[in-house]
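Novice: for reference, the sequence and a predicted model appear below.
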Amino acid sequence: MDRLSTLDAAFLEIEDADPRASLAIASVAVLEGPPPSRDEFTASVGTRLAAVPRARQKVRRVPWDLGLPLWVDDPEFDLSYHLRRTALPAPGDDRALTDLVARIMAQRLDRDRPLWENWVVEGLAGGRWAMLTKVHHCLVDGVAGTRLYSAVFDDSAPPAPDELVPRSAPGAVQLLARALVDLAVNPVEQARLLLQLPARLAGHVTDTVKGVAALAGALVPVRASSLSGPIGVPRRYRVTRVALPDVVGVGKRFGVTVNDVVLAAITTGFRALLLHRGETPTADSVRTMVPVSVRTTDDLDNQVSVLLPFLPVELDDPVDVLREVHERTRKLKADKESEAGAALTALAGHEPHAPLSWGIRLVGALPQRTVVTVTTNVPGPPVPVRVLGRPIVDILPYVPIALRLRTGVAVLSYAGTLAIGITADYDSTPDIDLLVGTVESTVKSFIVSAALVDPAPSIRAGG
């Protein structure tokens, strides 16, 4: 029986705790050429996706949450249910596409079926079409999502026919019996881990203590503002694009990372929102959650930790913002914050699931005041790829929001372009275009400023 990890299960619990949230991530590929027919799309893309075992599995909960949920094959798997089709109204521009994405992503996936959908969107300007791949966050993280996505590329391996035979799902009695066995074994496993802990931590005690201390600092509440609060079901979604070589060039000139450049641009965007709303940006106004991959396997499950920096929205000059963002993220990395987060998540995986589940739901029902937004950066294919013989010209990322986070930012690189997708609560963020426009204009200002300075002696232009 293939269990969800503790982190995977947490995304389900968070969604259960917030009835207004839909915790699915997505990517939107824009393709040239005529859209495929339904039969052509099903025969190629649909069959390739269905050949991924996890794409034919659904979540099965253990009675009374006595154990982690499991992935079980859906004996009634219906590929046609997961393959959807729609069209944009004329003129089929970016705004029409992003509005459609917002509507699709606001709707929850059906828990009684495998947790994904794939949409063909016709009617884009210039004779183009789009493919929206929607997957629940409990199934993949951003990095694994791009790997799942790559299954439909023309150069991916064709599916093996014997992979399509479903396995029988365990019954409730079998699930309960296995959970009770695990509960009995769990104290023994915990004792074994405790005995091994000194050896595992040898040479890493200082890093662990520093990391936990850094994470503890993230419990300090942010200053109350209109950037966080209750959210509704509808979403807004906008996107902007910048040339990746330009962003890399800014990093080289200022001695910072690509992530620093993006975070700095986002910082000025949130500062603009606060000022537009008549609020004063302060040093403790905006803390963002930055997922950090700690991936060690090719499995599809979530393998992430986080950094939790305050964004310096109190600063006015964009270059000062860039330098301060770099310094803050550098310090958090030096403090081993992400490593501590990964260690705590691993320890949680050896605790009984029921109290963890109930705890997450309880915390999810409370008004958290520590994080305002999320910013995730995922590398996409570095070179152009094709689907059904049609070239992908653009890939747009989408990140969900929940738990009083009224905005989320997703960044994805593809073939020399950096796409920045911003998700927002519909009712509380009618000024999303100001946020997006400021992010775009700030990156452009960095490019201009970089041309006027000498390259930094220590070049750190990586992600």
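Specialist: Received the coordinates, thanks. As the structure is a prediction and not an experimental result, all values here were calculated from the model.
Novice: where in the stretch 51-200 of the chain is pLDDT low?
Specialist: For the stretch 51-200 of the chain, the stretches flagged by pLDDT under 70 are 64-65, 141-147, 157-200.
Novice: what segments of it are helices?
Specialist: Secondary structure of the stretch 51-200 of the chain by DSSP state H, counting those that start in this stretch: the helices cover 79-82, 94-106, 142-149, 172-201.
Novice: name all residues that make contact with Pro381.
Specialist: Counting by C-beta atoms under 8 Å, 6 or more residues apart in numbering, Pro381 touches 146, 150, 153, 395, 414-415. The way it works is simple: take the backbone N, C-alpha and C, and place the C-beta from them, glycine included.
Novice: wait, which of those is closest to Asp260?
Specialist: Using C-beta to C-beta, Tyr414 comes nearest to Asp260 of the contacts of Pro381, at 20.3 Å.
Novice: ok, back up a step: which one of the contacts of Pro381 is nearest to Leu31?
Specialist: Ile395 (10.1 Å).
Novice: leaving out chain neighbours, which residue sits closest to that closest one?
Specialist: Take Ile395 and drop its neighbours on the chain: the residue closest to it by C-beta to C-beta, 6 or more residues apart in numbering is Tyr414, 4.3 Å away.
Novice: and Leu396, by the same measure?
Specialist: Val28 (4.2 Å).
Novice: same deal with Asp433?
Specialist: Closest to Asp433 by C-beta to C-beta, 6+ apart is Arg238, at 6.4 Å.
Novice: can you tell me the element Leu435 falls in?
Specialist: helix 432-450 (DSSP states H and E).
Novice: I'd assumed Arg386 was in contact with Gly33.
Specialist: No - contact between Gly33 and Arg386 fails when scored by C-beta atoms under 8 Å: they sit 9.5 Å apart.
Novice: related to what we said a few turns ago, helix/strand/coil for the residue nearest to Leu396?
Specialist: strand (DSSP: H, G, I helix; E, B strand; the rest coil).
Novice: specify the beta-bridge partners of it.
Specialist: Beta-bridge pairing for Val28 (DSSP bridges): Leu132, Leu396.
Novice: tell me how far Val72 lies from Ala151.
Specialist: 21 Å (C-beta to C-beta, to the nearest Å).
Novice: for the residue nearest to Leu396, grab the count of nearby residues.
Specialist: 27 (other C-beta atoms under 10 Å).
Novice: now the strands for the stretch 201-350 of the chain?
Specialist: Taking DSSP state E, counting those that start in this stretch as the test, the strands found in the stretch 201-350 of the chain are 235-243, 288-293, 304-307.
Novice: and those strands as CSV, adding distance to Asp16?
Specialist: Conversion of the strands of the stretch 201-350 of the chain to CSV gives the following (distance: least, C-beta to C-beta, whole Å):
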stretch, distance to Asp16
strand 235-243, 19
strand 288-293, 20
strand 304-307, 20
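Novice: could the ones you listed go into JSON lines alongside mean neighbour count and mean pLDDT?
Specialist: Below are the strands of the stretch 201-350 of the chain laid out as JSON lines (neighbours: other C-beta atoms under 10 Å; pLDDT from 0 to 100):
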{"stretch": "strand 235-243", "mean neighbour count": "21", "mean pLDDT": "97"}
{"stretch": "strand 288-293", "mean neighbour count": "20", "mean pLDDT": "79"}
{"stretch": "strand 304-307", "mean neighbour count": "22", "mean pLDDT": "68"}
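Novice: for Gly278, which of the ones you listed is the nearest?
Specialist: Closest among the strands of the stretch 201-350 of the chain, using C-beta to C-beta: strand 235-243, at 20.8 Å.
Novice: nearest residue to Leu68 other than its sequence neighbours?
Specialist: Arg3 (4.5 Å).
Novice: so the one you found touches Gly67, yeah?
Specialist: Yes - counting by C-beta under 8 Å, Arg3 does reach Gly67; the two are 7.4 Å apart.
Novice: the two: who's more crowded?
Specialist: With neighbours defined as other C-beta under 10 Å, Arg3 and Gly67 compare such that Gly67 has more, 25 against 18.
Novice: any low-confidence regions in the stretch 351-463 of the chain?
Specialist: Along the stretch 351-463 of the chain, the model assigns pLDDT under 70 to residues 351-368, 455-463.
Novice: do that again at 80, thanks
Specialist: 351-369, 452-463 (pLDDT under 80).
Novice: so where do the helices sit in it?
Specialist: 353-365, 432-450.
Novice: what residues sit buried inside stretch 35-54?
Specialist: In terms of neighbour count (16 or more other C-beta atoms under 10 Å), stretch 35-54 has its buried residues at 35-36, 41, 44-52, 54.
Novice: correction: stretch 433-448
Specialist: Buried-residue list, stretch 433-448, by 16+ other C-beta under 10 Å: 434-436, 438-443, 446-447.
Novice: with stretch 226-237 instead?
Specialist: Residues of stretch 226-237 classed as buried by neighbour count (16+ other C-beta under 10 Å): 227-228, 231, 235-237.
Novice: closest one to Pro382 out of those, please.
Specialist: When these are ranked by distance to Pro382 (C-beta to C-beta), Tyr237 comes first, at 25.1 Å.
Novice: can you tell me the closest non-neighbouring residue to that closest one?
Specialist: Ala102 (4.0 Å).
Novice: what of Arg404?
Specialist: Closest to Arg404 by C-beta to C-beta, 6+ apart is Ser228, at 4.9 Å.
Novice: how much space between the one you found and Ile401?
Specialist: Ser228 is 10 Å from Ile401, by C-beta to C-beta.
Novice: equivalent analysis for Pro382, please.
Specialist: Distance from Pro382 to Ile401, by C-beta to C-beta: 29 Å.
Novice: surely the residue nearest to Asp433 meets Val436?
Specialist: Yes - shown here, Arg238 and Val436 form a contact pair, counting by C-beta under 8 Å, at 4.4 Å.
Novice: for the two, list the residues in contact with both.
Specialist: Ile422.
Novice: so who does Pro36 touch?
Specialist: Pro36 neighbours (C-beta under 8 Å, 6+ apart): 44-45, 120, 388, 390.
Novice: what's the nearest residue to Leu83 if we skip its chain neighbours?
Specialist: Spatially, and ignoring its direct neighbours in sequence, Leu83 is nearest to Gly46 (5.1 Å; C-beta to C-beta, 6+ apart).
Novice: so the one you found makes contact with Tyr81?
Specialist: No - in this structure Gly46 lies outside contact range of Tyr81 using C-beta under 8 Å: 10.7 Å.
Novice: Ala283 touches Phe310, doesn't it?
Specialist: Yes - counting by C-beta under 8 Å, Ala283 sits close enough to Phe310 to count as a contact (6.5 Å).
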